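In: got a predicted structure here, sequence first:
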Amino acid sequence: MQSLTCTVRRLAAAVVATLALGACDDAREPVGPVDDPLAAKYRAPAPAPLVPVSLNGASLDLWPYTTDDFANPIDPVNLLFVGDADPRTIRAALLSVDENRPGLPFPPCRWEDVPEGGVQATYATGTGWTGSAIQLSCGDYSTLRFHLRLFAAGEWTIGNAHVELLIPGTTEHQVLSWEVAEHLVVYDLARSTVGAPVGATPINHAPAYRNIPAQIVGILATTPELAPLLGIACPPGMTLPWACDGSEDVGILTDGAATIVDMDGDPTAETGSFRRIQTVQFDQAIPKPFCVDVDFPYVYVTGPIEFREHWVLTPSNNYIAHFKAEGMLYLTPLNPGTGAMGATYTATVYEKHRAMLTDHQNKVAQVEMQVELPPDSPFHGTLVVEFDVGPDGMTSYSASLICGGS
């Protein structure tokens, strides 16, 4: 297991950041800033397509993806829970199992709450838009972890699980696997004796969804000890529509099906609260995320970002979570082709998440702000994004980008 941990760290050290500034999002292909503010809460229209699922008389029409703007899909839904399927029940079941998984190649880890995960939403008939009030992870934030988001949808709970790697010198995670994480959640719920898989239903993209950057493809393909855990991008003997030699991005493989888990039981989670404060050091060259100067398309970013996390489970089974990230960063314009560098300047980063799940309320909200200083300089920008969903399917989204103070 020590060799596997060391390999993961070597893999992390080889990743080149290709992502925008952000406090804690999972890395994905950027959609780009949207200057289309929505001033008030409303019910965003239903996305398409909606797909039907059913089990033992319980049926659901759902959008098989997640989003952070009520329009663009981010992650594929790969888990569906029915029965005693409240997200708080699933949380309690996963928190009840230990880190011992004999015969499995996973680094030992226990599930815990992670309020720092970026807020997302999905859609189902009956409940409409619903947010990821409960997020869990198993593994080390600073290297490799499993990440699970849960979305309450009436008799059902919708989930996405993935394996992700922290991009060194950033606060961004790169998704590496959908299938491995899906299987771990199902395995651990079976260990809890509360959840049993009862089948799978095809609902979204196959054979792949989103990409693994070319910079790490070669390492994944040639590291035997990672193959059982991560090596689904380039499996031996399988014909794929992409190269596996590190010359191009490859798809994150998925069978397009969501495992259906029948939850039967009501484990009791320990009530109380938990607080955590940690500092993440940014130290990486990244493409300039907005207001790009063609002479300096990259910036080298350094500086600390402080994370503050707090979650509470009350005796009434009300779940409340808060997260805040803020910091002052130093940005140095960079042209990686010529090696030219510009004058260093500063930027402030602020992000806040709130989540609440009770018997009657399901609400999540996120605000994100990035300000390059001074804001009126050419190619400096201010980006503010707000995302809010619930209760009762109400939604609000706004994104505003100002470049050069104009």
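Out: Alright, I've got the coordinates.
In: show me where the stretch 151-300 of the chain has strands.
Out: Taking DSSP state E, counting those that start in this stretch, the strands of the stretch 151-300 of the chain run over residues 156-166, 173-177, 195-202, 208-212, 250-253, 257-263, 272-287, 298-313.
In: so what are the sheet partners of the second one and their directions?
Out: Read that as strand 173-177. Sheet partners assigned to strand 173-177 using DSSP bridges are listed as strand 26-27 (parallel), strand 156-166 (antiparallel).
In: as CSV, the ones you listed with mean neighbour count, distance to His353 and mean pLDDT would be great.
Out: C-betas here are computed from N, CA, C, even on glycine. Converted to CSV, the strands paired with strand 173-177 look like this (neighbours: other Cβ atoms under 10 Å; distance: least, Cβ to Cβ, whole Å; pLDDT from 0 to 100):
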stretch, mean neighbour count, distance to His353, mean pLDDT
strand 26-27, 22, 14, 54
strand 156-166, 25, 17, 92
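In: Asp293 is nearest to which of these?
Out: strand 26-27 (22.9 Å; Cβ to Cβ).
In: and the next helix or strand past that closest one?
Out: Next along the chain after strand 26-27, taking DSSP states H and E as the criterion, comes strand 51-55.
In: list the contacts of the nearest residue to Glu155 once chain neighbours are set aside.
Out: Residue nearest to Glu155 in three dimensions, not counting chain neighbours: Ala58, with 4.9 Å by Cβ to Cβ, 6 or more residues apart in numbering. By Cβ atoms under 8 Å, 6 or more residues apart in numbering, the residues touching Ala58 are 82, 155-156.
In: residues near the residue lying closest to Arg191 once chain neighbours are set aside, how many?
Out: Nearest residue to Arg191 in three dimensions, chain neighbours excluded: Val97, at 4.9 Å (Cβ to Cβ, 6+ apart). Burial measure for Val97: 19 neighbouring residues, criterion other Cβ atoms under 10 Å.
In: from Leu184, how far off is Val97?
Out: 11 Å (Cβ to Cβ, to the nearest Å).
In: repeat that for Glu386.
Out: Glu386 is 33 Å from Leu184, by Cβ to Cβ.
In: what's across from Gly381 in the sheet?
Out: Under the criterion used (DSSP bridges), Gly381 bridges to Cys403.
In: you'd agree it is up against Cys291?
Out: Yes: counting by Cβ atoms under 8 Å, Gly381 touches Cys291, with 3.5 Å between them.
In: which of the two has more residues huddled nearby?
Out: Set Gly381 next to Cys291 and count neighbours by other Cβ under 10 Å: Gly381 wins out with 21 against 18.
In: tell me how far that one lies from Gly57.
Out: With Cβ to Cβ as the criterion, Gly381 and Gly57 are 53 Å apart.
In: likewise for Glu351?
Out: 42 Å.
In: do the same with Pro45
Out: 29 Å.
In: higher neighbour count, the two?
Out: For Pro45 and Gly57, the more surrounded residue by other Cβ under 10 Å is Pro45, and the numbers stand at 11 against 7.
In: tell me the pLDDT at the more buried one?
Out: Looking at Pro45, its pLDDT stands at 93.
In: likewise Leu55?
Out: Per-residue pLDDT puts Leu55 at 86.
In: what do you get for Val31?
Out: 38.
In: and the one 5 residues further on, by the same measure?
Out: Model confidence at Asp36, given as pLDDT, is 43.
In: same check, this time on Gly237
Out: 58.
In: with neighbour numbers in mind, choose between Glu386 and Leu184.
Out: Using other Cβ under 10 Å as the criterion, Glu386 and Leu184 rank with Leu184 on top: 24 against 17.
In: ok, and the closest non-adjacent residue to that one?
Out: Phe146 (5.6 Å).
In: what residues does that neighbour make contact with?
Out: Per Cβ under 8 Å, 6+ apart, neighbours of Phe146: 109, 137-139, 161-164, 180-181, 184-185.
In: looking at the residues you listed, spot the one nearest Ala343.
Out: Glu164 (34.5 Å).
In: partners of the closest one in the sheet?
Out: According to DSSP bridges, beta-bridge pairing links Glu164 with Arg145, Val175.
In: so how far is His183 from it?
Out: Taking Cβ to Cβ, one finds Glu164 at 15 Å from His183.
In: what's the answer for Phe379, then?
Out: Distance, Phe379 to His183, by Cβ to Cβ: 46 Å.
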